[in-house]
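Undergrad: Structural data only, the sequence is not supplied:
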């Protein structure tokens, strides 16, 4: 019996796609940089079906690429000749426990659906990013996704209490639970989160929910410099006791890109500025969120007092506070158009780096300086989760030359390594950073990863040829 | 050349102890339950020396037990016939970066020394527990220690940005850094934290520091029930926006044990109560910490308003707010005498379990009920990080009978498993929970742990016979 007929038996006709037309959504990725022809697309509906698929593939040595929302930017879901294992039919939100503030969800739940479900209980699942309307929990966990609220709530791994995973041989590993402390042996939960499907397939998870902030103070701020922006961050954190939820940097080129790309887009300020910051503070305590007699909301006043003070000091050049939820959403829409703005021009070399916060300005200046040495006609574009030291720096070379693009990527990595940063902050490795891993990651760490991969997936069938360089 | 003469060459006379007298501090543990005769005690002073020791031991297949403060409660540092590798000479606080709020420390730094060093900069390293005057960073990380401030700041793993580890074969793995986002392959940092020295020896780490709270509101509260106590926790969290730093439960027997054991100890209230809670709220924002004209501190008022309201509702029976730092320390001293109080009577069966918060009351009632079935003359004692669902439940059987003690341990595990809790919340596995691991941990997870152990320590020389059952 061939693997496909075995899978057909396991999954039924609905569960296995084999025609080019049916497989089309999985044959390309969002960036357009990765196209592939899968052997087939398996769409199991339960953990037990995922287990049966993996047992069959393990028996026959069939490579498997797990895919959930297919919104990754690094080719992690490319599946040439492999079986795509799509989690998109595992869409149950199994339960929300409002007392414990947890949600148990399956891997195919779309992130924005979890947001909505939590909101029904006046709770939030705080992790969010531009692709939230397509990205699914399985991919969110497998890539340890970041986004705009990491500053306050942490990365994905900080929000996961338990999970279920199917291992390479089809066995089901039960790490489900909703405990805040659990020191029972090696922490396999954290090993599976961010492993990009190399060690097992996450099929369900229990995640933390948080009280929905009762009020937000949101502003666009033109800072005099990146250092002045960091002063703003530190002062607002001190004034609010660490309530800054997001602190996002957009340079002038980003604002211009947004205006050029999006119909009806408005500039944040009358004049163009170099350092545009979106800052958002969340008030969870009543005393910060309850409007006073004059209508002012304390959390907004706390932010505005800091802004006024810093304008007087010349550290802030202009600032606008959101006056309505619609105004706030307009500010966020600009930031969340980042992927569209970044990939609107080609050729590009996109990166996703992290350095210590005080080093962001050095990174940006040095990367641009060296870019222009390599290609005097090149340009660049950045957008940054500045509060995390995470910069999405994209270079646009003047010609589509593979050697030039490789040299630019090397150059960015050199600058990052000099600053003891990471060449992969939140998007992960996939295919596009595989060379970076080989060049930049500590060799002892690489060997340990290879040993763990071989130990847990001895036949090398899980998402082969990605994440961990040979 | 024997392994000892090789080590003598590597470490010099100061670095290798071989006489019974010199080795005495490492031949027993704090609980008195584990005694052993090590082959020798190696005391390397640098990561390079640790590396050389491990290379020599790897070459000759010599078992190694890494030890730092030797304050563990589960026999994880017992070293019969093994080489003890003590980190106690690696005591450098390499640097504190006040802007980035990080500290880079070596494994032999005593926890309270790090507390003091951070305090010099008006910062805190929030992790704390009773043994902080002896416990060292290496052990803190290797056991993913918990303690009393996990509720607000997380477990040890949540506080670590980077680390250096020496692997079984002596190679040095560089995972050092101070990044808030880093998705570059499998997360080996989280795998090493809490691995109890099974996979490598952590020699240094970069940890997060936090702003020192400007004021504390600390109180002893007699709640009408455990459910009423949880209502108190939720209300104070809501009122303060999640600023509760500690929420500790001590039953009447604990208070009585403290009075009996500690000279000069005072009861928290005029009358004895069943549910005594130590609650502490930390104010990091000026508006919560700056005394008003009448001398009241807003954070204290927020707590006291909630206490008064709940007394009117009959949910709180008595409450005392700390009126001075001395008074606050007296409240904490009672809680931190837990280990002394617990181990003052023998025989005992101590446990360290976690359940979901609403299940703590069920756990306590059911464990006592079943204890008295097994041994009608037994008694028990609990102390709990109630805000984390983490209970240290200790049973005192009426006779020192190994079978009875094993039956009691099994019984507690049964109750925990029925509640989907963990038999090992924060103390780890070591020797004493090895049987529990074999009985209670998911078998697929156990196999994965064994495979990872074999992959990274193929000769099985790192802390053999512990943590991961064969």
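TA: Received, thanks. Treat the numbers as computed from the prediction; the structure is a model and nothing was measured. Numbers count the residues shown, from 1 in each chain, chains lettered A, B, ... in the order given.
Undergrad: tell me which residues in stretch A:131-151 are buried?
TA: A:131-132, A:135-151 (16 or more other C-beta atoms under 10 Å in any protein chain shown). All C-beta atoms are positioned from the backbone trio N, CA, C, and that covers glycine.
Undergrad: Kindly report the same for stretch A:229-240.
TA: Buried residues in stretch A:229-240, counted by 16+ other C-beta under 10 Å: A:229-233, A:235-237, A:239-240.
Undergrad: and these, which of them are in helices?
TA: Using DSSP state H, A:229-233, A:235-237, A:239-240 are the members of these that sit in helices.
Undergrad: Among the residues you listed, which ones lie close to chain B?
TA: A:239-240 (C-beta under 8 Å from any C-beta of the partner chain).
Undergrad: Could you export the ones in helices among the buried residues of stretch A:229-240 as JSON lines, including pLDDT?
TA: Listed next are those as JSON lines, based on pLDDT from 0 to 100:
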{"residue": "A:229", "pLDDT": "98"}
{"residue": "A:230", "pLDDT": "96"}
{"residue": "A:231", "pLDDT": "96"}
{"residue": "A:232", "pLDDT": "98"}
{"residue": "A:233", "pLDDT": "97"}
{"residue": "A:235", "pLDDT": "96"}
{"residue": "A:236", "pLDDT": "97"}
{"residue": "A:237", "pLDDT": "95"}
{"residue": "A:239", "pLDDT": "93"}
{"residue": "A:240", "pLDDT": "93"}
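Undergrad: give me every residue that touches residue A:92.
TA: A:105-106, A:109 (C-beta atoms under 8 Å, 6 or more residues apart in numbering or on different chains).
Undergrad: Go through those and name the one nearest chain B.
TA: When the contacts of residue A:92 are ranked by distance to chain B (C-beta to the nearest C-beta), residue A:105 comes first, at 17.0 Å.
Undergrad: Summarise which helices and strands the helix or strand that closest one falls within is packed against.
TA: Residue A:105 is part of strand A:102-106, with elements assigned from DSSP states H and E. Applying 3 or more C-beta pairs under 8 Å, 6 or more residues apart in numbering or on different chains; DSSP states H and E, we find strand A:102-106 packed against strand A:93-97, helix A:111-119, strand A:200-208.
Undergrad: Can you say which of the ones you listed is packed in most?
TA: Most buried of the helices and strands packed on strand A:102-106, by mean neighbour count (mean count of other C-beta atoms under 10 Å in any protein chain shown): strand A:200-208, with a mean of 26.
Undergrad: which neighbours does that one have in its sheet, and in what orientation?
TA: Partner strands and pairing direction for strand A:200-208 (DSSP bridges) are strand A:102-106 (antiparallel), strand A:160-167 (antiparallel).
Undergrad: C-terminal to it, which secondary structure element comes first?
TA: strand A:210-211.
Undergrad: Need the residues that contact that next one.
TA: Against strand A:210-211 from outside (C-beta under 8 Å, 6+ apart): A:101, A:122-126, A:153, A:284, B:238, B:242.
Undergrad: for that strand, the distance to its chain's centre please.
TA: Offset of strand A:210-211 from its chain centre (C-alpha atoms, centre = their mean, to the nearest Å): 21 Å.
Undergrad: pLDDT of that strand, averaged?
TA: Averaging pLDDT along strand A:210-211 yields 95.
Undergrad: Please apply the same query to stretch A:290-297.
TA: Stretch A:290-297 comes out at a mean pLDDT of 91.
Undergrad: again with stretch A:92-102
TA: 94.
Undergrad: Same question for stretch A:187-205.
TA: Averaging pLDDT along stretch A:187-205 yields 98.
Undergrad: What of stretch A:272-284?
TA: Averaging pLDDT along stretch A:272-284 yields 97.
Undergrad: same thing with stretch A:324-336?
TA: Mean per-residue pLDDT for stretch A:324-336: 96.
Undergrad: Check stretch A:382-395 too.
TA: 97.
Undergrad: Look up which residues are beta-bridged to residue A:204.
TA: Note on residue A:204: beta-bridge partners residue A:106, residue A:164, judged by DSSP bridges.
Undergrad: just residue A:96 next, same as before
TA: Going by DSSP bridges, residue A:96 forms beta bridges with residue A:103.
Undergrad: these two touch, right, it and residue A:103?
TA: Yes - in this structure, residue A:96 is within contact of residue A:103 by C-beta atoms under 8 Å, at 4.8 Å.
Undergrad: Overlap in contacts, those two.
TA: A:117-118, A:209.
Undergrad: Which stretches in the stretch 251-400 of chain A count as helices?
TA: A:252-261, A:286-289, A:298-312, A:325-336, A:338-343, A:360-374 (DSSP state H, counting those that start in this stretch).
Undergrad: As TSV, the ones you listed with distance to chain B would be great.
TA: Listed next are the helices of the stretch 251-400 of chain A as TSV, based on distance: least, C-beta to the nearest C-beta, whole Å:
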stretch	distance to chain B
helix A:252-261	20
helix A:286-289	7
helix A:298-312	8
helix A:325-336	17
helix A:338-343	16
helix A:360-374	12
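Undergrad: For residue B:364, which of those is the nearest?
TA: Of all the helices of the stretch 251-400 of chain A, helix A:286-289 sits nearest to residue B:364, with 32.8 Å by C-beta to C-beta.
Undergrad: buried set for the closest one?
TA: In helix A:286-289, counting by 16+ other C-beta under 10 Å, buried: A:287-289.
Undergrad: Could you dump the helices of the stretch 251-400 of chain A into CSV with distance to residue B:424 added?
TA: Below are those laid out as CSV (distance: least, C-beta to C-beta, whole Å):
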stretch, distance to residue B:424
helix A:252-261, 48
helix A:286-289, 38
helix A:298-312, 41
helix A:325-336, 42
helix A:338-343, 43
helix A:360-374, 41
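Undergrad: closest to residue A:71 out of these?
TA: Among the helices of the stretch 251-400 of chain A, the nearest to residue A:71 by C-beta to C-beta is helix A:338-343 (9.0 Å).
Undergrad: circling back: buried ones in the strand holding residue A:105, by neighbour count?
TA: Buried-residue list, strand A:102-106, by 16+ other C-beta under 10 Å: A:102-106.
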